[in-house]
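Asks: Model the following, please.
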Amino acid sequence: MNQKLIIGIIALIVIAGGVGIYTSNTASKEQAAMEQEKRMADEKALAEKEAMMKKDEGTTMDKKVDTMVKDESAMMKAGTYESYDASKIAIASATHHVVLFFRASWCPTCRAIDGDIKAHLKDIPESLTILDVNYDNSAELKKKYGVTYQHTFVQVDAQGNLIKKWSGSPTLSALVAEVK
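Replies: Numbering: from 1, shown residues only. Below is the predicted model of the structure:
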């Protein structure tokens with residue numbers, strides 16, 4: 001009888017231990033799933049915050065460029081770096097060149113040449129107008145000129161026809177050297 005009691009107690013302990021381990025494993029799995037969900041939510045929130053910051057940065061930059069253009073004058077001038085507007089393409093002629101710069105605010109190489117152009121505005125030849133095109137918001141223009149990535153330059157004529165397309169000019173002087 002003692003043997004049966006001992007075997008019963010051992011069986012009860014083994015079963016209880018198994019249930020405890022199962023419950024512990026289940027709780028650990030649930031906790032791990034909750035922690036993963038929290039990490040994913042945190043990552044999503046961080047990504048959204050970064051996207052908002054980039055959007056704000058782009059919007060702020062666009063406002064600065066627009067303000068600079070408005071301050072210069074209502075008339076378009078030769079030898080300038082301005083925000084894109086379809087009407088500005090008409091200035092292109094045999095003696096005046098217009099280049100579209102497809103730029104993204106999040107692109108480091110775009111920011112570098114944008115900074116170089118702004119630092120050397122006085123060095124833009126009088127016969128050249130560079131139009132800053134927002135890469136992220138210009139699907140139709142990208143399609144029209146076959147632009148598939150930022151930091152692309154497109155020289156156009158007065159009717160908006162493509163004359164030349166290139167990418168990678170790291171400086172204003174390299175950009176100017178590419179113009180036909």
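Asks: which SS state does residue 126 fall under?
Replies: Here residue 126 is recorded as coil under DSSP: H, G, I helix; E, B strand; the rest coil.
Asks: The one 10 residues further on now?
Replies: The three-state assignment at residue 136 reads helix, by three-state DSSP.
Asks: Now the residue found closest to it once you drop the neighbours it is linked to in the chain, what are its backbone angles?
Replies: When the adjacent residues along the chain are set aside, residue 136 lies closest to residue 104, with 5.8 Å between them (C-beta to C-beta, 6 or more residues apart in numbering). In short, each C-beta sits where N, CA and C put it, glycine included. Here the main-chain torsion angles of residue 104 (degrees, to the nearest 10) amount to phi -120, psi 140.
Asks: got it, and residue 130?
Replies: Summarising the backbone geometry of residue 130 under the convention degrees, to the nearest 10, its torsions are phi -110, psi 120.
Asks: And the strands in the chain?
Replies: If DSSP state E is used as the criterion, the strands of the chain fall at 80-83, 97-103, 128-134, 152-156, 162-167.
Asks: now those in JSON lines, with mean neighbour count, distance to residue 121 and mean pLDDT?
Replies: Compiled in JSON lines, the strands of the chain are given as follows (neighbours: other C-beta atoms under 10 Å; distance: least, C-beta to C-beta, whole Å; pLDDT from 0 to 100):
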{"stretch": "strand 80-83", "mean neighbour count": "19", "distance to residue 121": "6", "mean pLDDT": "92"}
{"stretch": "strand 97-103", "mean neighbour count": "24", "distance to residue 121": "14", "mean pLDDT": "95"}
{"stretch": "strand 128-134", "mean neighbour count": "21", "distance to residue 121": "10", "mean pLDDT": "94"}
{"stretch": "strand 152-156", "mean neighbour count": "22", "distance to residue 121": "17", "mean pLDDT": "95"}
{"stretch": "strand 162-167", "mean neighbour count": "14", "distance to residue 121": "21", "mean pLDDT": "94"}
